[in-house]
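Chemist: Here's my sequence, what's the structure:
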Amino acid sequence: MCKVIAVSNQKGGVGKTVTCINLGIGLAREGKKVLLIDADPQGSLTISLGYEEPDEMEYSLATLMLNIVNDEKLDTQKTILHHKEEVDLIPSNIELSGIDVSLVNAMSRELILKALVDKLRTFYDYIIIDCMPSLGMMTINALACADSVLIPVQAAYLPIKGLQQLIKTIGRVKKQLNPKLSIEGILLTMLDNRTNYARDISMMVYDTYSASIKVFGTEIPMLVRASEVSVEGRSIYSYDPKGKAALAYRALTNEVIKYGKQSYRKD
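Modeler: Down below sits the predicted model:
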């Protein structure tokens, strides 16, 4: 059974794309078949996996979504890229920024991505969607097709304050479009445990949310060389396998697998 996880936060710079890559490749290293979907027109996920010029790609997520809107044949074979670290990728580029206009008159416009994802579920154990840093139509599409939402949050005061808006949006999507949608968990990222401030923020998240929403036991430390990893086009496991970040993402991967098994048992 395939699980679709949307990685979402309307605030940028919280470690969303890094989490998509390293959770996805972490799951692949555990023998899972994984598809990553770049749902951000900036193409950060695509670029970070080593595809340096996404805007020059002929086929992308926008191509597939327009195929569905126009009731045309889906050519996923030409669009899906196979990364050397055993994950597949549907790339994104600037064409996706115009998708809102194309969806204005589309029937069930919030469910276009769902139509695509449902066709791909058969082939994968996990599909992970890197959402754009906004709560626009593309993010609503991602939430409408997901089984759960993983929320990365930078361990700082303002990003934490913005969480409530995202949680309300998830609630509205669950009520109106996707009754099975759940929150996979809140993931604290960019944590600098050397400071009392970071520890205070961590405690604030647990105190505020853990009674109603899962807060991952794993916390992702500050990646000092994050930009270097992105330029290399590979995961933290390949770049710095014994570093703290690699160990943290391994632990997160195990939490996601374990939580998934518990959820299926409850169902």
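Chemist: Neighbours of residue 85, how many?
Modeler: Residue 85 has 19 neighbours, counted by other Cβ atoms under 10 Å. From N, CA and C alone the C-beta is placed, and that goes for glycine too.
Chemist: contacting residues around it?
Modeler: Contacts for residue 85 were tallied using Cβ atoms under 8 Å, 6 or more residues apart in numbering; they are 25, 28, 234, 235, 237, 238.
Chemist: excluding its backbone neighbours, what's nearest the last one?
Modeler: Excluding its sequence neighbours, the residue lying closest to residue 238 (Cβ to Cβ, 6 or more residues apart in numbering) is residue 85, at 6.4 Å.
Chemist: Most neighbours among the contacts of residue 85, which one?
Modeler: Ranked by neighbour count under the definition other Cβ under 10 Å, these are headed by residue 235 with 26 neighbours.
Chemist: rewinding a little: does the residue nearest to residue 238 count as helix, strand or coil?
Modeler: The local conformation at residue 85, judged by DSSP: H, G, I helix; E, B strand; the rest coil, is coil.
Chemist: mind checking how far it is from residue 131?
Modeler: To residue 131, residue 85 is 22 Å away according to Cβ to Cβ, to the nearest Å.
Chemist: before we move on, what about residue 255?
Modeler: Residue 255 is 20 Å from residue 131, by Cβ to Cβ.
Chemist: again with residue 257
Modeler: When distance is defined by Cβ to Cβ, residue 257 is 22 Å away from residue 131.
Chemist: Neighbour count for the two, which is higher?
Modeler: Neighbours were counted for residue 257 and for residue 131 using other Cβ under 10 Å; residue 131 has more, 27 against 17.
Chemist: Which phi and psi values does residue 34 adopt?
Modeler: phi -130, psi 130 (degrees, to the nearest 10).
Chemist: typo on my end, it should be residue 164
Modeler: Given degrees, to the nearest 10, the pair of backbone angles that residue 164 has is phi -60, psi -40.
Chemist: about what we covered before: so which of the contacts of residue 85 are in helices?
Modeler: Within the contacts of residue 85, residues falling in helices by DSSP state H are 25, 28, 237, 238.
Chemist: Distance of the residue lying closest to the first one once chain neighbours are set aside relative to residue 84?
Modeler: In space, and not counting its chain neighbours, residue 25 is closest to residue 235: 4.2 Å by Cβ to Cβ, 6+ apart. When Cβ to Cβ is applied, the distance between residue 235 and residue 84 equals 10 Å.
Chemist: can I get the ones in helices among the contacts of residue 85 in TSV with distance to residue 66 and pLDDT?
Modeler: Compiled in TSV, the ones in helices among the contacts of residue 85 are given as follows (distance: Cβ to Cβ, whole Å; pLDDT from 0 to 100):
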residue	distance to residue 66	pLDDT
25	29	97
28	29	97
237	35	87
238	34	85
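Chemist: Show the backbone phi and psi for residue 90.
Modeler: In terms of degrees, to the nearest 10, the main-chain angles of residue 90 are phi -100, psi 110.
Chemist: who does it bridge with?
Modeler: Beta-bridge partners for residue 90, by DSSP bridges, are residue 37.
Chemist: where along this protein do the helices fall?
Modeler: Across the chain, reading from the start of the chain, the helices by DSSP H fall at 16-29, 44-48, 61-69, 76-79, 99-103, 112-120, 137-145, 157-161, 163-176, 196-209, 226-232, 236-239, 244-266.
Chemist: on contacts alone, who are the packing partners of the third one?
Modeler: Applying 3 or more Cβ pairs under 8 Å, 6 or more residues apart in numbering; DSSP states H and E, we find helix 61-69 packed against strand 34-39, helix 76-79, helix 99-103, helix 112-120.
Chemist: before we move on, what about the fifth one?
Modeler: Contacts defined by 3+ Cβ pairs under 8 Å, 6+ apart place helix 99-103 against helix 61-69, helix 137-145.
Chemist: Convert the C-alpha atoms of the first one to PDB, please.
Modeler: It stands for helix 61-69. Once side chains and other backbone atoms are set aside, the C-alpha atoms of helix 61-69 remain, and they are given as PDB (Å, rounded to 0.1, in the frame of the first residue of the first chain):
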ATOM      1  CA  LEU A  61       4.900  18.300 -13.300                       C
ATOM      2  CA  ALA A  62       3.200  21.200 -15.200                       C
ATOM      3  CA  THR A  63       3.200  19.100 -18.400                       C
ATOM      4  CA  LEU A  64       1.400  16.200 -16.600                       C
ATOM      5  CA  MET A  65      -1.100  18.400 -14.800                       C
ATOM      6  CA  LEU A  66      -2.000  20.100 -18.100                       C
ATOM      7  CA  ASN A  67      -2.400  16.700 -19.700                       C
ATOM      8  CA  ILE A  68      -5.000  15.900 -17.100                       C
ATOM      9  CA  VAL A  69      -6.800  19.300 -17.400                       C
END
